[in-house]
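Engineer: Sequence and predicted structure, then a few things I'm wondering about:
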Amino acid sequence: MPLPRSILQPVVPEDRDLAVVAGAIPEGLTGECFIAAPHTSTLGPPHAFFGAGMTYVLSLEPGTRGAAPGTFAWRQAWIDSPSARLQQKRPDAFVRSMLGTHSPFGLVNAANTASLPWGDRMFMTWDVGRPVEIDPVSLRYLGEVGRRDEWQVFDLLPGPVLPMITSTAHPIIDPDRDCLWTVNTYFGQLHIVRWDGEGPIQRWPIANAVVPQSVHTITQTRDWLVVGDCAFKVEAAVLTGGDRTEPANADEPIYLIRKADLDAAKSGTEVGCLRYELAPEMNHYYAQYDDRDGVVVMFEHTQNADIAMAAREGDIDAWGRPTDPAFYGLYGFSMTPARTTMHCFDPQRGERLEVAEIYDPERYHTRQLSAFDWSAEGWEHPEAVHSVYHGFRPEAVQQRMLDLYADRVDRAMLPTEEMPCTLATHSWDGLQTISEYRWRDTTDVATSPIFVPRSAGRDGRSRHAGERPGGLHGFVVVPVLSDHGMRVEIFDANNVGAGPLCTLASPNHAVPFVLHSAWTPTLGVVTDTDHAAFGDELGQIDQLDDDLANVAREVARELAEGLNPLA
Ligand SMILES: [Fe+2]
């Protein structure tokens with residue numbers, strides 16, 4: 001059985017009240033799940049990653065957010081950012097390419113990839129734009145991080161009012177400094193960015209830190225930031241509309257930057273780093289906060305997966321069949337089994353040691369982002385990681401990819417059976433598999449899992465911490481996409497192998513492709529945030545013709561007046 005045909009279906013998103021359709025809601029389930037996605041109306045070719053950002057929120061407490069008693073609110077909103085508003089007013093001015101959505105205004109900041117809670121605040125992110133803050137209750141746009149002139153703007157393409165800023169979809173929050181760390185790359189030069197929640201950003205160029213491809217993740221320990229080059233390859237040929245000519249790089253530099261060096265350096269001055277090499281290619285990685293015994297980082301390798309490529313008209317899939325047009329725009333899944341490694345870096349000696357690995361070709365193929373207990377208490381000493389694997393999916397592997405990777409991937413070794421999704425809990429220490437659940441139906445697509453701490457905030461704990469922090473004591477929430485409608489499955493984090501404790505759904509509720517998700521305690525209304533107004537960033541508006549310039553001014557006015565034409 002194949003992938004669900006509805007995965008890229010352009011449906012109209014809906015608010016729904018989800019009901020318990022199997023099992024029972026467990027005790028201690030609280031808070032909300034935020035899910036980032038490309039808007040359903042902007043899915044499809046050339047690449048589904050580049051649709052305009054939207055937010056789904058699922059309340060885990062019945063009857064909240066206006067849901068009927070005993071049901072669970074599933075709410076959605078288009079992020080009403082300047083990018084989305086301009087696109088809505090002048091869709092004719094926007095063109096989608098394999099690098100994003102372009103226009104004479106500049107590059108759309110899609111903010112569609114991940115949701116990042118920070119205390120009582122919520123940020124929506126992607127790799128080619130500033131993090132976007134939304135109101136966690138109304139889901140309305142509040143602003144972007146920092147002013148455009150504080151960032152390095154990629155200026156080879158015009159961006160008079162929508163600057164192209166290469167950053168990362170996975171910034172991190174420093175619990176000791178109460179700041180956000182992210183990156184800003186500029187023609188391969190790595191800059192580290194710090195933002196304290198208001199006012200200007202600080203930005204430091206890192207000496208001799210070159211990023212050959214792109215940065216999708218930044219992670220941290222108590223004393224170090226870790227930034228690696230990621231396997232989203234952008235070639236000059238693609239910039240001009242051509243095809244990829246090379247596979248993603250097979251090995252990548254990893255940079256360790258000491259936080260104390262950034263603390264001591266004035267913004268704008270160069271800061272040093274330690275450089276390591278790692279193979280194979282990767283995209284997500286996570287460091288344990290406690291670094292007294294070394295900098296311990298888990299790398300989710302994306303070996304022989306190419307998310308920078310997408311299915312298109314005329315493609316032939318991995319099993320030699322014409323690719324169904326329903327999948328045009330779907331990114332390239334893995335051609336070989338998933339690999340996860342744990343490394344310990346010794347900054348004093350400059351050494352790196354691989355200490356554990358997950359590699360099981362029979363069971364683990366095409367990993368999604370994994371779930372952790374992100375509370376400060378949990379992150380100090382993680383116990384478990386919950387990973388969703390999509391399985392081998394011939395429809396999401398095109399012959400063009402296999403041709404490009406012919407030196408690395410043996411077509412004869414491709415699985416001859418389709419593999420369904422798997423949820424596996426691995427121990428942090430040693431990466432042993434603790435428990436595993438496999439969906440039976442290959443037309444079910446499990447999305448990014450979400451760890452929910454049990455009874456968070458009770459008994460004097462912080463609002464983000466549950467009983468016994470670390471990732472095993474709580475729940476794993478997994479939205480599952482299907483042609484029969486989306487459902488939410490809730491597992492015991494200590495025993496996902498027992499299957500869902502509870503399933504939530506609404507009849508015929510179509511939800512296509514979503515990206516990453518995060519849990520947060522129920523948040524209050526954010527009313528007092530300091531962001532640069534779009535109207536204050538129109539200094540280059542004279543590069544637009546009068547017609548488009550007037551549209552930009554209209555958007556600035558509507559934002560200033562709190563109007564929302566996208567609601
Ligand atoms: Fe990601």
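Structural biologist: Received the coordinates, thanks.

Engineer: mind saving the C-alpha coords of the helix-or-strand element of the chain with minimal mean pLDDT as CSV?
Structural biologist: Every helix and strand of the chain was ranked by mean pLDDT, DSSP states H and E. The lowest is helix 236-239, at a mean of 80. Only the C-alpha atoms of helix 236-239 are listed here, as CSV (Å, rounded to 0.1, in the frame of the first residue of the first chain):
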residue,chain,number,x,y,z
ALA,A,236,24.3,27.8,-8.4
ALA,A,237,22.6,25.9,-11.2
VAL,A,238,19.4,25.7,-9.1
LEU,A,239,19.6,29.4,-8.3
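
Engineer: Against which helices or strands is that helix packed?
Structural biologist: For helix 236-239, there is no helix or strand it packs on, judged by 3 or more C-beta pairs under 8 Å, 6 or more residues apart in numbering; DSSP states H and E. Using the backbone N, CA and C atoms, a C-beta is placed for each residue, glycine as well.

Engineer: list the buried ones in the longest helix along the chain?
Structural biologist: Longest helix in the chain by number of residues (criterion: DSSP state H): helix 546-560. Going by neighbour count (16 or more other C-beta atoms under 10 Å), the buried part of helix 546-560 is 548-549, 551-553, 555-556, 558-559.

Engineer: Strands along the stretch 451-567 of the chain, start to end?
Structural biologist: 474-481, 487-492, 502-505, 517-520 (DSSP state E, counting those that start in this stretch).

Engineer: Nearest to V128, out of the ones you listed?
Structural biologist: Closest approach to V128 among the strands of the stretch 451-567 of the chain (C-beta to C-beta): strand 517-520, 20.2 Å.

Engineer: Direction included, what does that closest one pair up with?
Structural biologist: If you go by DSSP bridges, strand 517-520 pairs up with strand 32-38 (antiparallel).

Engineer: and the strand it pairs with, C-alpha only, in CSV?
Structural biologist: Provided in CSV are the C-alpha atoms of strand 32-38 (Å, rounded to 0.1, in the frame of the first residue of the first chain):
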residue,chain,number,x,y,z
GLU,A,32,-0.9,22.4,24.0
CYS,A,33,0.9,21.2,20.9
PHE,A,34,1.9,23.7,18.3
ILE,A,35,2.5,22.4,14.8
ALA,A,36,4.1,24.3,11.9
ALA,A,37,3.1,23.7,8.3
PRO,A,38,3.1,25.2,4.9
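
Engineer: now the angle from it to strand 487-492?
Structural biologist: 130 degrees (axes from the mean of the first three to the mean of the last three C-alpha atoms, to 10 degrees).

Engineer: What angle do strand 474-481 and strand 32-38 make with each other?
Structural biologist: Using the same axes, to 10 degrees: strand 32-38 against strand 474-481 is 30 degrees.

Engineer: What ranges does the stretch 251-400 of the chain have for its helices?
Structural biologist: With DSSP state H, counting those that start in this stretch as the criterion, the stretch 251-400 of the chain has helices at 259-264, 376-380, 399-404.

Engineer: out of those, nearest to R349?
Structural biologist: helix 259-264 (18.3 Å).

Engineer: The closest one: which residues count as buried?
Structural biologist: 259, 261-262.

Engineer: what do you get for stretch 353-365?
Structural biologist: In stretch 353-365, counting by 16+ other C-beta under 10 Å, buried: 356, 358, 360, 363-365.

Engineer: likewise stretch 13-25?
Structural biologist: 13, 16-20, 25.

Engineer: Determine which two of these are furthest apart.
Structural biologist: Most distant of the buried residues of stretch 13-25, by C-beta to C-beta, are P13 and I25, 24.5 Å apart.

Engineer: Any chance of TSV for the strands of the stretch 451-567 of the chain, columns distance to W379 and mean neighbour count?
Structural biologist: TSV is the format used below for these (distance: least, C-beta to C-beta, whole Å; neighbours: other C-beta atoms under 10 Å):
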stretch	distance to W379	mean neighbour count
strand 474-481	14	26
strand 487-492	21	23
strand 502-505	27	21
strand 517-520	13	24
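
Engineer: of all those, which lies closest to H464?
Structural biologist: strand 517-520 (7.8 Å).

Engineer: what residues does the closest one touch?
Structural biologist: Outside strand 517-520, the residues that touch it by C-beta atoms under 8 Å, 6 or more residues apart in numbering are 31-36, 114-117, 122, 136, 374, 447-448, 450-453, 464, 477, 479.

Engineer: got any ranges where the stretch 451-567 of the chain has weak pLDDT?
Structural biologist: Scanning the stretch 451-567 of the chain for pLDDT under 70 picks out 526-528, 567.

Engineer: Would you mind confirming that L481 is in contact with H509?
Structural biologist: No - in this structure L481 lies outside contact range of H509 using C-beta atoms under 8 Å: 10.5 Å.

Engineer: What is the neighbour count of A209?
Structural biologist: Applying other C-beta atoms under 10 Å, we find 24 residues neighbouring A209.

Engineer: The one 4 residues further on too?
Structural biologist: Residues lying near Q213 (other C-beta under 10 Å) number 21.

Engineer: How much space separates it from V95?
Structural biologist: 24 Å (C-beta to C-beta, to the nearest Å).

Engineer: Ok, P394 next?
Structural biologist: Distance from P394 to V95, by C-beta to C-beta: 31 Å.

Engineer: what about those two, which has more around it?
Structural biologist: Counted by other C-beta under 10 Å, P394 and V95 do not tie: P394 has more neighbours, with 22 against 10.

Engineer: Now for that one: which residues touch it?
Structural biologist: 317-319, 321, 414, 418.

Engineer: how far away is the closest residue to it other than its chain neighbours from M413?
Structural biologist: Sequence neighbours aside, A318 is the residue nearest to P394 in space, at 4.0 Å (criterion: C-beta to C-beta, 6 or more residues apart in numbering). A318 sits 11 Å away from M413, taking C-beta to C-beta as the criterion.

Engineer: which one of those two has more residues nearby?
Structural biologist: A318 (22 against 10).

Engineer: Can you check what pLDDT the model gives that one?
Structural biologist: In this model, A318 is scored at 97, pLDDT.
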